[in-house]
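Undergrad: Have a look; sequence and predicted model below, questions after that.
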Amino acid sequence: MTEKEKMANKMLYDANYDKELLIDRLEAKDLCFEYNQLKPSNIEEQEKIMKKLLGKTKGNFTIVAPFWCDYGYNIEIGENFFANHNTVILDGGKVKFGDNVFVAPNCGFHTAGHPIDAERRNKGLEYAYPITVGNNVWIGAGGSSDA
């Protein structure tokens, strides 16, 4: 089983030294960087990058830069999704947002967890549990959700 498969199955996986996951994260970070450098008025290019980055999007969404995530492909957003400045999604596990979700500034969604014992943690092992946000939810400024 690959480290990516372990990650998807909520098992301990090598997050820091696995080449496939390192490449996936770098590709996502590059897309986030590109997105974050766009002019706010360049909505068409913003949408194009987000559709390439995120695992699933519905018709209407807005994500205000800066935005950061680990992989992107584990993120699904519903219709009328809005995320304000400084949204961070650490998506080792699936992160699903329903329809009509509004995320205020400086919010984080963190699926990653780390072993308590230093020996396994120092090997770069972690686990990721999913986060699901239902429909018609507003998450206030500075909020975070950990798996």
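TA: Okay, I see it. Not measured: the values here are computed from a predicted model.

Undergrad: tell me the SS of the residue nearest in space to the middle of the chain?
TA: The residue lying closest to the centre of the chain (CA atoms, centre = their mean) is Ile89, at 3.2 Å. For Ile89, the assignment made with DSSP: H, G, I helix; E, B strand; the rest coil gives strand.

Undergrad: Give me the pLDDT value at it.
TA: In the predicted model, Ile89 carries a pLDDT score of 98.

Undergrad: What residues does it make contact with?
TA: By CB atoms under 8 Å, 6 or more residues apart in numbering, the contact list for Ile89 reads 68-70, 75, 95, 108-109. (Glycine included, C-beta is placed from N, CA and C.)

Undergrad: of those residues, closest to Lys58?
TA: Nearest to Lys58, judged by CB to CB, of those is Ile75 at 12.5 Å.

Undergrad: Relative to Ala28, how far out is the closest one?
TA: According to CB to CB, to the nearest Å, Ile75 stands 10 Å off from Ala28.
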